[in-house]
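Colleague: compute the structure for the input listed below.
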Amino acid sequence: MNPTQEIESGNLAVPRWALYRPDSIKVVDWNIDRGLKLGGVIEFLARAKADIILLQEVDVNCRRTHHVNVAREIAQKLEMNYVFGREFQELTQGSKTSPAYHGQATLSRWPLAKSRIIRFKKQSDFWRPHWFLPEISPFQERLGGRMALVSEVNIAGETIVTYSLHLESRGDDELRCAQLDETLNDAKRYTWDMPILLTGDFNIEASAGPAAGAISRAQFQHAFVDRHGPTTPGSFWEHGRIIDWMFTRGCVRVSQPQVHRSVSASDHYPLSVNLVIV
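Modeller: Numbering: from 1, shown residues only. I've put the predicted structure just below:
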């Protein structure tokens, strides 16, 4: 990836997908834990036969993931178009001449357009380099900041706007709500009937409290309602957490929401829904 380029894209889909709109569109959202178990990630995504995929924690040229461009590798294997948005430069995973990055990716069987990054104004300083910390992997020193990756998917003349979020894991709920508010305010640029997907790793309980209130006021609908279970594995000490979410707005109908808790290729479970543009 070009060090000056915050967004990378590639058109690897089979051209015939651009010619028609299916009756329903399958969407998968997943924090893939950098792609550490990339074979398992690709195996699930291939089996899921998703039309749109939104991924968080995606590595590019990182030592821990064997210097693979994870977004492009998945897109090549699945024959999909992709966009990768840079969240952080991983200072302990690359070098000055060969930098490593980490961020979000959106993949689609149809063309992706107008991709952009919302770099949140409010950030934690947890990840910033400090002179007193050694440059080794456990300290995860980074340059950049949390963000939302926005893309428009052109499905045979229809448009779906996608937001892939990764809210801060090292701050408090007030910080995460401020980052969420920036995204919801950005969505006001679209008409109320425009189909919008708002998905990702929120690191917050988004069905109650201030986050839920903000989402409701922005007229987004919970894609899972009462069917949402934990999206991270539990342990002996605690139950899994519900921190990955999918919301919709506009002329779109949701069915068959599912948290795929049998999939062990990440420290998060993938979520999927079927969409119909109405």
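Colleague: beyond the helix or strand of the chain with the lowest mean pLDDT, next helix or strand please.
Modeller: Within the chain, judged by mean pLDDT, DSSP states H and E, the helix or strand with the poorest mean is strand 142-144; its value is a mean of 89. Tracing the chain C-terminally past strand 142-144 and defining elements by DSSP states H and E, one meets strand 147-155 next.
Colleague: circling back to that earlier point, can you give the strand pairings for the least confident helix or strand of the chain, parallel or anti for each?
Modeller: Taking DSSP bridges as the criterion, strand 142-144 sits next to strand 81-90 (antiparallel) in its sheet.
Colleague: what pLDDT, on average, does the strand it pairs with get?
Modeller: Model confidence over strand 81-90 averages 96 on the pLDDT scale.
Colleague: all further residue positions should be reported with the first residue as 869.
Modeller: All right, first residue 869 from here; so that's strand 949-958.
Colleague: tell me the helix or strand right after it.
Modeller: Elements were assigned by DSSP H and E; along the chain past strand 949-958, the next helix or strand is strand 969-976.
Colleague: and that following strand, what's buried?
Modeller: Neighbour-count burial for strand 969-976 flags Tyr969, His970, Gly971, Gln972, Ala973, Thr974, Leu975, Ser976 (criterion: 16 or more other C-beta atoms under 10 Å). In this view, the C-beta of every residue, glycine as well, is placed from N, C-alpha and C.
Colleague: and for stretch 945-955?
Modeller: Residues Lys945, Leu946, Met948, Asn949, Tyr950, Val951, Phe952, Gly953, Arg954, Glu955 are the ones in stretch 945-955 that count as buried (16+ other C-beta under 10 Å).
Colleague: equivalent analysis for stretch 1085-1100, please.
Modeller: Ala1086, Phe1088, Gln1089, His1090, Ala1091, Phe1092, His1096, Pro1098, Thr1099, Thr1100.
Colleague: out of those, which is nearest to Lys894?
Modeller: Of all those, the one with the least separation from Lys894 (C-beta to C-beta) is Ala1091, at 12.5 Å.
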